[in-house]
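K.L.:
Okay, sequence plus prediction incoming.
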Amino acid sequence: MDIELILKVYPYFLEAAVVTIELSVLTVLLGLICGALAAAARMSRFRLLRIIGAVYVSVFRGTPALIQLFLLYFGGPQIGIQLDAFEAGVIGLGLNIGAYMAETMRGAIVSVDGGQTEAARTLGLSRAQAFRKVTLPQAMRLMIRPLGVNINAQIKGTALVAAISVVELTYTAQRYIGSTYKPFEMFFLAGVLYIIIITVTGKGITYLDRKARLP
């Protein structure tokens, strides 16, 4: 292994890691918003909203994220959607992970014992109040760890935006392979940085999960 080369190029990989972190944060935030809306739609009393939620989840879970990115970035201009590579990456990956988060959220809500909601209703709470004060707090505790799995998958999934030339870790590794002809060193350095990001994120999720489960 060429340690000297790794020490020479690592500052550029650190810059790329910042882009990876920015992508991860923005796509996760967008995914949480889309996931919450889709979960609410799928559990709505209105049939049209349930259909819209189901279609969204089916489409984005049923097609590869890479195809979704290509459609948005390369196909978007044909229908008047002009996005740069970073914007397309955030929107494409955010919509994709949102479909998975929607099912995670819905599963957590459904798993809360319905008898508690009925008990809250008998005490005079409205349906909305019972959901907000009884069901949702318990569901949020249950969904932290599964959402953490989604988030870790999303961090690794940001590597897909290298295909549309976003200068993140994977793209940077590929670019330096072309000039150094040292694929092992370049991908090793990128892999180490991915591990660091995911490990720190995992520690944060574990902390939140433990905090939420305290009585």
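P.N.:
Received, thanks. Just so you know, these numbers come straight off a predicted model, no measurement behind them.
K.L.:
For stretch 197-211, output the C-alpha coordinates as PDB.
P.N.:
Presented in PDB, the C-alpha positions along stretch 197-211 are these (Å, rounded to 0.1, in the frame of the first residue of the first chain):
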ATOM      1  CA  ILE A 197     -19.100   8.700   9.100                       C
ATOM      2  CA  ILE A 198     -21.400   5.700   9.600                       C
ATOM      3  CA  THR A 199     -19.800   4.800  13.000                       C
ATOM      4  CA  VAL A 200     -20.400   8.400  14.300                       C
ATOM      5  CA  THR A 201     -24.000   8.400  13.000                       C
ATOM      6  CA  GLY A 202     -24.600   4.900  14.500                       C
ATOM      7  CA  LYS A 203     -23.400   6.100  17.900                       C
ATOM      8  CA  GLY A 204     -25.700   9.100  17.700                       C
ATOM      9  CA  ILE A 205     -28.700   6.900  16.800                       C
ATOM     10  CA  THR A 206     -27.900   4.400  19.600                       C
ATOM     11  CA  TYR A 207     -27.700   7.300  22.100                       C
ATOM     12  CA  LEU A 208     -31.100   8.600  20.900                       C
ATOM     13  CA  ASP A 209     -32.600   5.100  21.100                       C
ATOM     14  CA  ARG A 210     -31.400   4.600  24.700                       C
ATOM     15  CA  LYS A 211     -32.600   8.100  25.700                       C
END
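K.L.:
Which positions in the helix of greatest length in the chain come out as buried?
P.N.:
Secondary structure assigned by DSSP state H gives helix 3-42 as the longest helix of the chain. Buried residues in helix 3-42, counted by 16 or more other C-beta atoms under 10 Å: 6, 9, 13, 16-17, 19-21, 23-24, 26-28, 30-32, 34-35, 37-39, 41-42. Glycine gets a C-beta too; all of them are placed from N, C-alpha and C.
K.L.:
Over to stretch 201-212?
P.N.:
So, applying 16+ other C-beta under 10 Å, buried residues of stretch 201-212: T201, I205, D209.
K.L.:
gap between the second one and F46?
P.N.:
Just to be clear, that refers to I205. 34 Å (C-beta to C-beta, to the nearest Å).
K.L.:
do the first one as well
P.N.:
Distance of T201 to F46, given as C-beta to C-beta: 36 Å.
K.L.:
got it, and A163?
P.N.:
The gap separating A163 from F46 is 38 Å, by C-beta to C-beta.
K.L.:
Comparing these two, which residue is more hemmed in?
P.N.:
Neighbours were counted for A163 and for F46 using other C-beta atoms under 10 Å; A163 has more, 15 against 9.
K.L.:
low pLDDT regions in the chain?
P.N.:
114-128, 130, 214-215 (pLDDT under 70).
K.L.:
Output the helix or strand hosting K156 as CSV, restricted to C-alpha atoms.
P.N.:
K156 belongs to helix 136-157 when assigned by DSSP states H and E. Extracted in CSV, the C-alpha atoms of helix 136-157 (Å, rounded to 0.1, in the frame of the first residue of the first chain):
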residue,chain,number,x,y,z
LEU,A,136,-47.3,9.0,18.4
PRO,A,137,-44.9,9.3,21.5
GLN,A,138,-44.8,5.5,21.7
ALA,A,139,-44.4,5.0,18.0
MET,A,140,-41.5,7.5,17.8
ARG,A,141,-39.6,5.5,20.4
LEU,A,142,-40.2,2.4,18.3
MET,A,143,-39.1,3.9,15.0
ILE,A,144,-35.7,5.4,16.1
ARG,A,145,-33.7,2.2,15.5
PRO,A,146,-35.3,1.2,12.2
LEU,A,147,-35.0,4.7,10.9
GLY,A,148,-31.3,4.5,12.0
VAL,A,149,-30.9,1.6,9.7
ASN,A,150,-32.5,3.6,6.8
ILE,A,151,-30.1,6.5,7.6
ASN,A,152,-27.0,4.3,7.5
ALA,A,153,-28.1,2.8,4.3
GLN,A,154,-28.7,6.3,2.9
ILE,A,155,-25.2,7.4,3.8
LYS,A,156,-23.8,4.5,1.8
GLY,A,157,-26.3,5.1,-0.9
